[in-house]
Every structure is written in structure tokens, then in C-alpha cells.
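S.K.: Give the three-dimensional model of this entry:
(2 chains)
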Amino acid sequence: MIWEIIIFERLVMKMILSSFFRAIFEYDFMLYALIAGIIVGILAPLIGSVVVIRRLSFIADTLSHFSLAGVCFGVFLSRLITIKGFDPALMGIVFSISGTFLIEKLRGFYKNYKELSMPIVMSFGVALSGLFINLSNNIDAKFTTSLLFGSIYSVSATNLIIILVIAVIIFIVIFTSYKKIVTLCFDETYAAVSGINVKSLQLLLTIILALVISLFIDIVGVLLIASLMIIPVAAAILVGDSFLNTVITSIIFSEFSLLTGFIISYNTNLTTGPVIILINILILAIVMSISKVKSRHHKTKEI
Amino acid sequence: MRVTVDNLTFAYTQKLVLNKVSFSLKSGDFLTIHGKNGTGKSTLIKCFLRLLNVPDGSIFLDDVDINHIKTFTNIGYVPQKTEFNYEFPITVFEILSCAYNKKRDAFYTSIINTFDLNKIYHENINNLSGGQIQRVFIARSLLNNPKLIILDEPTVGVDVDNVKTLHQILTDLKKQEITIILSSHDLDFCKDLTDYSLVLNDLGDYHFRKIGDENDS
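M.R.: Numbers count the residues shown, from 1 in each chain, chains lettered A, B, ... in the order given. Coordinates of the predicted model:
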């Protein structure tokens, strides 16, 4: 009886996987979605690690909402005038980057309440998004849901090219400035003293963050962007024992959640973004319980 | 490295922290800064490292105004333990190799050996004791061949044995003609090495004197 159940389970798994992989090679949109997903799976925790160390999680959330305003503005523009090859996502990138400057500008107005700049920019972004959606013709609920929760299957060839170009730029920056970035993240004062131009490196990192955020809107949606960057890192911190292996572990968690999220959402017709994030949360919960058991075991040993 | 501070004045919104502070040090001099919390020890160090803009007065390193130095090259800095960003895993190897621009060479290895870091080289910094962390930070500060080392409260959270080791390390550095500026709560730490002492009081008052010299400035 047990054997029969196991064989049946394996058959079902085989069917699910084979139909998923067949679809990848049959449909372009599936292939685009998978490639975009794999790239995002590497980029999100890579940038997420910097975000977590430098305590920028709220900036990530703010920028994602401001970037949403850009995408909505892009949609509004595309309904108004036809520009060949214009992708609303490009406006998302423009808004996301200008959002970083806006946050910085607003911070200067307060001494003790610098974080006020973030809810201000976030509400400004949400309000603009609502306004542009309102002003654009023929926008249905499906479109707004895809902005909020993402729809990776809508990744077009143009989107994919933008994602690839930005990913390559980010990888080059990270590999050439790896040592400086690590030093800056962990100890800003030491970085300044050791000859690193802290201000320009900080600016570069914020622009990278803005770029990545605007890229992710299509994939997981504005509401879940910050979680895609932060949850795999939050889990990896609990198991990692060096910087490099923590970052690699977070990439493994992130890729695992993306791929299983894909397969599950493909077979169940559920929205991909939330499924991916829920798998990430599940991984985090498992890691947390294992590390709790481990630390308890360690304490008992010490006693 | 020669250090000259000329009429340095600094105030936070309403509170005057440093009031016309002036002193100078020769290469190899050892200055200890004392003072209660909030009297400006960290502010003075931040001014040295150009982390705070000095509105009034000047700081010269080897006769060059720090505002005219493009990037610092010969300054070693040992932060207060709390300044480092803990919890995210990073090993001693990663901290040191990221702070060193070149590949591992004889100089790098000699620093690792001097500070006895081989045993903890691949350890996560979060698992180390206060004394071990301090050794890592001092080793890191020496990687860019400093002529001036600034240490901010190096004895905080360090046990008695490691305070002794720290004292020995500073004795060796002084012999190499490196100028040392150290801020400390502990009035007795490095008393024997100190050439000059700077005591900061409330309201920006200060007291600078050469140790063993009765004539205060």
C-alpha cells in the first residue's frame, strides 16, 4: 500500500514537472518568465544583503511604491500618445531613481525625524499611481492586480532585454567594487578613513537598488518587492557563518522559492508573486525552528 | 605623522562641545584623550576623520589642512566596538582581505601573525570575544601602513588579559614612530606610554598638557 502511494506520488510529480518543462520550450512567454525569474532570484538577495546590512528595508519599500507611480505614468503616457518601442517599465526606472533623490532631499528638512521622508514619498507614489490609473483609459482590475502582486508571465522580450542589461551592469559594479562595498556596509567610518569615496559609493548603491526595484515590479508586484529581497537574506543570516556563504545561501533559498513557486503557480493557476513569497516565508520558518532547536541543544550541552 | 590642531571649535545646535582647542604632536607622540560622556571625545575624533565639518579652526596632518586632502592614505582607525555592523555573518578573513587592496603578501601575513589571528582567521566575528575583536580591528587599521592611528575607546568590553595584550601592541606601535591618538574612559590605561594628555570638560573647556610637565597649556 505504502509503495503504491509512493509510486503514485512520483508519477504525479513527474507529470507536473514534465508539463511545466514542456511548456517552457513550447511557449516563449514561459521561457522569458523563467529566465527573468532566475536573474531576479540572484539579484534580489544579492542587493537584499546590502539592504539588510545597511538597514535600508524601508527605503526599498518606499522606492517600490514610487516606482509604481512611474509605471502608471508610463501606462498613462502610452494611452495618450503612441511611441514605438516604449515600455511603461522604463518610466518605473526613472521614477525609482528620482525617488532616491527625493528621499535624500526631504531628509535634509528634519534633524531628528529623518525617516519621515519615507512615508511622505511612499504616499506621494501611491497617490500618483491612483491618479494616473484613473486618468488612463481602458484599465481593468487584472492590470492593477498584476501591478500590485506581479505577473511574471507578462514579461515581454523588451522587458527581458532591459532586465539582462541592468543585471549585467549590476554584476560588473558588484564584482569590481566588492571589497569597497563590503567595507562600507559593515563599517562606514572605517571606509571613509581608508580612502573609499563613501558618498559616491552610497549613491551608486542606492541607484542600483532603485534599478532592481523597478525591474521587480513586473515579476512580484509592488507589494512584495521588499520581501523578495529581504526574506531569503533573513533566513540565510541564521545559518551562514561567513559573508560569502550567507549571500550564496540566500541566493539558493531565493532560487528554490522562485522555481517551486513557478511550478506550483503554473499547475494551480495561482498568482506567482504571492506563491513565491509564501515559499520564502516557509523556508524562513523552517530555518528559524532549526536554529532554535540547535541553540537549545547548544545551551543544554553547555550546562 | 605631525598633527596640529588650531583653534578648533565645534557646537551641536545649542551646545558648545569643543572651544578653541589647540595643540600639536610630533611623529611618534602618544596622546590620550579623557573626558566624561558627551564632553566631545568622539566629536574630536570625527573632526579628525572629516566625518564632521569643522566650522571654525583647522586640523593639519603633516602641515596639510585635512580639507585639502583628497583621500586619507596613512591613517589607521580603530572604531568603538559598537560602531561595527554586527549580526550579519562575516569572518575575520573577509574583514581583513576587504580592507587590503592588494593580494595576500608577506606584509599581510606578518600582520596576521603579529596579532595571532591564524586560529580565528575563518571565524565569524559575531562569535569572538571583545579582546579578539579589538585585535582584528587594530590589525585592520595597520593594513594601510598608517603614520597616525586613532583608537576610540579600545578597552570597552575587553577583559583584563586582553587589555594587557592591547597595551603591548600599542607599546610596539609607539616604537615604530607611529603617532597615536587614543580616547579612553580608563585614566590608567597606557599612562606609561602617554606623552600628552587632553582632558575635555563640559562647555568646551579643555586641558592639554605634556606628561611629566607641570606647565599646563
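S.K.: Mind telling me what element B:Asn19 is part of?
M.R.: strand B:15-25 (DSSP states H and E).
S.K.: now that strand: how far from the chain's centre is it?
M.R.: 17 Å (C-alpha atoms, centre = their mean, to the nearest Å).
S.K.: got the contact list for it?
M.R.: Strand B:15-25 is contacted from outside by B:2-11, B:31, B:39-40, B:43-44, B:47, B:57, B:179, B:181, B:195-196, B:198, B:200, B:203-206, B:208, B:217, using C-beta atoms under 8 Å, 6 or more residues apart in numbering or on different chains. C-beta: built from backbone N, CA, C; applies to glycine.
S.K.: remind me, longest helix of the chain?
M.R.: Reading this off chain A. Using DSSP state H to define each element, chain A has its longest helix at helix A:272-302.
S.K.: The chain in question should be chain B.
M.R.: helix B:160-175.
S.K.: pLDDT weak spots in the chain?
M.R.: Unless you meant another one, I'm taking chain A. A:1, A:15-18, A:20, A:297-303 (pLDDT under 70).
S.K.: that's the wrong chain, I wanted chain B
M.R.: B:212-217.
S.K.: Strands of that one, start to end?
M.R.: For chain B, the strands defined by DSSP state E occupy B:3-12, B:15-25, B:30-35, B:56-61, B:64-65, B:75-78, B:148-152, B:179-183, B:196-200, B:206-210.
S.K.: Kindly reformat these as a markdown table containing mean neighbour count.
M.R.: Output for the strands of chain B, formatted as a markdown table (neighbours: other C-beta atoms under 10 Å in any protein chain shown):
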| stretch | mean neighbour count |
| --- | --- |
| strand B:3-12 | 17 |
| strand B:15-25 | 17 |
| strand B:30-35 | 22 |
| strand B:56-61 | 17 |
| strand B:64-65 | 12 |
| strand B:75-78 | 25 |
| strand B:148-152 | 24 |
| strand B:179-183 | 23 |
| strand B:196-200 | 19 |
| strand B:206-210 | 16 |
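S.K.: I'd like these written out as TSV, with distance to A:Asp87 added.
M.R.: Formatted as TSV, the strands of chain B follow (distance: least, C-beta to C-beta, whole Å):
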stretch	distance to A:Asp87
strand B:3-12	49
strand B:15-25	53
strand B:30-35	58
strand B:56-61	52
strand B:64-65	51
strand B:75-78	47
strand B:148-152	50
strand B:179-183	55
strand B:196-200	59
strand B:206-210	62
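S.K.: right, so of those, which gets closest to A:Phe25?
M.R.: strand B:75-78 (56.4 Å; C-beta to C-beta).
S.K.: Check whether the closest one comes near chain A.
M.R.: Yes. Residues of strand B:75-78 are located near chain A by C-beta under 8 Å from any C-beta of the partner chain, namely B:Ile75, B:Gly76, B:Tyr77.
S.K.: Give the pairing partners of that strand; include direction for each.
M.R.: strand B:148-152 (parallel) (DSSP bridges).
S.K.: residues in contact with the partner strand?
M.R.: With C-beta under 8 Å, 6+ apart, strand B:148-152 has contacts from B:1, B:3, B:41-42, B:45, B:48-49, B:61, B:74-80, B:83, B:138, B:141-142, B:173, B:178-183.
S.K.: now swap in stretch A:35-47 and tell me
M.R.: A:152, A:155, A:159-160, A:163-164, A:167, A:170, A:174, A:208-209, A:212, A:215-216, A:218-220, A:228-229, A:232-233, A:236, A:247, A:250-251, A:253-255, A:257-259, A:262.
S.K.: What residues sit buried inside it?
M.R.: Across stretch A:35-47, burial judged by 16 or more other C-beta atoms under 10 Å in any protein chain shown covers A:Ala36, A:Gly37, A:Ile39, A:Val40, A:Gly41, A:Ile42, A:Leu43, A:Ala44, A:Pro45, A:Leu46, A:Ile47.
S.K.: What of stretch A:198-210?
M.R.: For stretch A:198-210, by 16+ other C-beta under 10 Å, it's A:Val198, A:Leu201, A:Gln202, A:Leu205, A:Thr206, A:Ile207, A:Ile208, A:Leu209, A:Ala210.
S.K.: what do you get for stretch A:127-140?
M.R.: Quick answer for stretch A:127-140 (16+ other C-beta under 10 Å): A:Leu128, A:Ser129, A:Phe132, A:Ile133, A:Ser136, A:Ile139.
S.K.: Ok, stretch A:95-111 next?
M.R.: A:Phe95, A:Ser96, A:Ile97, A:Gly99, A:Thr100, A:Leu102, A:Ile103, A:Leu106.
S.K.: Narrow those to those in strands?
M.R.: Using DSSP E, none of the buried residues of stretch A:95-111 sit in strands.
S.K.: returning to what we had before: and of the buried residues of stretch A:35-47, the nearest to chain B?
M.R.: The closest of those to chain B turns out to be A:Pro45 (C-beta to the nearest C-beta; 12.6 Å).
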